[in-house]
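J.: Below is the sequence, then the predicted model.
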Amino acid sequence: EPEVTQTPSHQVTQMGQEVILRCVPISNHLYFYWYRQILGQKVEFLVSFYNNEISEKSEIFDDQFSVERPDGSNFTLKIRSTKLEDSAMYFCASSLGQGVQPQHFGDGTRLSIL
Amino acid sequence: RKEVEQDPGPFNVPEGATVAFNCTYSNSASQSFFWYRQDCRKEPKLLMSVYSSGNEDGRFTAQLNRASQYISLLIRDSKLSDSATYLCVVNYSSYKLIFGSGTRLLVRP
């Protein structure tokens, strides 16, 4: 069964450093997403991306965050200057369509900010 | 009021039991509904979509009541492998999923 893959599985970074999280969505999917989950809390939406542009973003997704699809397969999330509170599990997801089409999640990148 | 509200549990049931989880959502304009399961420190995995007419997938039955803004999941003949956190998920816009905090299920031998 096709799956969403994410790298790295765990990233440890010093506060203030830039970090890039990588995702390879399911190959025929057109919609891409990032979510995060702080330990012990619920999954929160960050951003959705379609047709090479952001289609929706949350309040969490401020100027420190950016997304990119640099080639036909990868989808990246960049955090420019990390803060302690950015420590969380970051999940990439993709879907074939929008709305009723379910989103399929990668196994996540655990980001630890020191 | 929380956007998606679930009883956190845990529900502790013996193997073979039937267990039901409930969920309420606040936005009446919500378009689509799902149940995901999440194992400890793992990604959410789609369990099933929830349709207005109700739907069943093996031992799992999901119901939606739009008038009451209420979603349910019934698990029959619980297995040890059903132990997980069950996430009620609502699609508020075309793109954005809103997750509940999850209901934890423990199935004991």
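T.: Okay, I see it. Numbering: from 1, shown residues only, chains lettered A, B, ... in the order given.

J.: Could you list the low-pLDDT ranges of chain B?
T.: Across chain B, no stretch falls below the confidence threshold (pLDDT under 70).

J.: Around chain A, which positions in it sit nearby?
T.: Proximity of chain B to chain A (C-beta under 8 Å from any C-beta of the partner chain) is limited to residues B:31-32, B:34, B:41-46, B:49, B:87, B:91, B:93-102. Any C-beta I mention is one placed from the backbone N, CA and C, and that applies to glycine too.

J.: switch the cut-off to 10 Å
T.: Within reach of chain A by C-beta under 10 Å from any C-beta of the partner chain, chain B has these residues: B:2-4, B:6, B:31-34, B:36, B:38, B:41-49, B:51, B:87, B:89, B:91-102.

J.: of the residues you listed, buried ones?
T.: The neighbour count (16 or more other C-beta atoms under 10 Å in any protein chain shown) marks B:4, B:6, B:32-34, B:36, B:38, B:43-44, B:47-49, B:87, B:89, B:91-102 as buried among those.

J.: quick one on the thing from earlier: inside strands: which ones of the residues of chain B next to chain A?
T.: Secondary structure assignment by DSSP state E places B:4, B:6, B:32-34, B:36, B:38, B:45-49, B:87, B:89, B:91, B:97-99 of the residues of chain B next to chain A in strands.

J.: Please name the nearest non-neighbouring residue to the closest residue to chain A within chain B.
T.: At 3.7 Å from chain A, residue B:95 is the closest residue in chain B, using C-beta to the nearest C-beta. In space, and not counting its chain neighbours, residue B:95 is closest to residue A:48: 3.7 Å by C-beta to C-beta, 6 or more residues apart in numbering or on different chains.

J.: Over to residue B:13?
T.: Distances taken as C-beta to C-beta, 6+ apart place residue B:19 nearest to residue B:13, at 5.1 Å, with adjacent residues excluded.

J.: swap in residue A:63?
T.: For residue A:63, ignoring the flanking residues on the chain, the nearest one in space by C-beta to C-beta, 6+ apart is residue A:80 at 7.8 Å.

J.: about what we covered before: check the gap between the residue nearest to residue B:95 and residue A:59 for me.
T.: Residue A:48 sits at a distance of 14 Å from residue A:59 (criterion: C-beta to C-beta, to the nearest Å).

J.: Comparing the two, which residue is more hemmed in?
T.: Between residue A:48 and residue A:59, counted using other C-beta atoms under 10 Å in any protein chain shown, residue A:48 has the larger neighbour count: 26 against 7.

J.: circling back: pretty sure the residue of chain B closest to chain A sits against residue A:35.
T.: No. With contact defined as C-beta atoms under 10 Å, residue B:95 does not count as touching residue A:35 (11.5 Å).

J.: can you list residues touching both of the two?
T.: Between them, residue B:95 and residue A:35 have A:45, A:47-48, A:103 as joint contacts when contacts are counted by C-beta atoms under 10 Å, 6 or more residues apart in numbering or on different chains.

J.: Look at residue A:27 and give its secondary structure.
T.: Three-state secondary structure (criterion: DSSP: H, G, I helix; E, B strand; the rest coil) places residue A:27 in coil.

J.: Surely residue A:102 touches residue B:91?
T.: Yes. Counting by C-beta under 10 Å, residue A:102 does reach residue B:91; the two are 9.2 Å apart.

J.: got the contact list for the residue nearest to residue B:13?
T.: Counting by C-beta under 10 Å, 6+ apart, residue B:19 has contacts B:9, B:11-13, B:73-76, B:78, B:82, B:86, B:103, B:105, B:107.

J.: Out of these, flag the one nearest to residue A:20.
T.: Among the contacts of residue B:19, residue B:86 lies closest to residue A:20 (C-beta to C-beta), at 32.5 Å.
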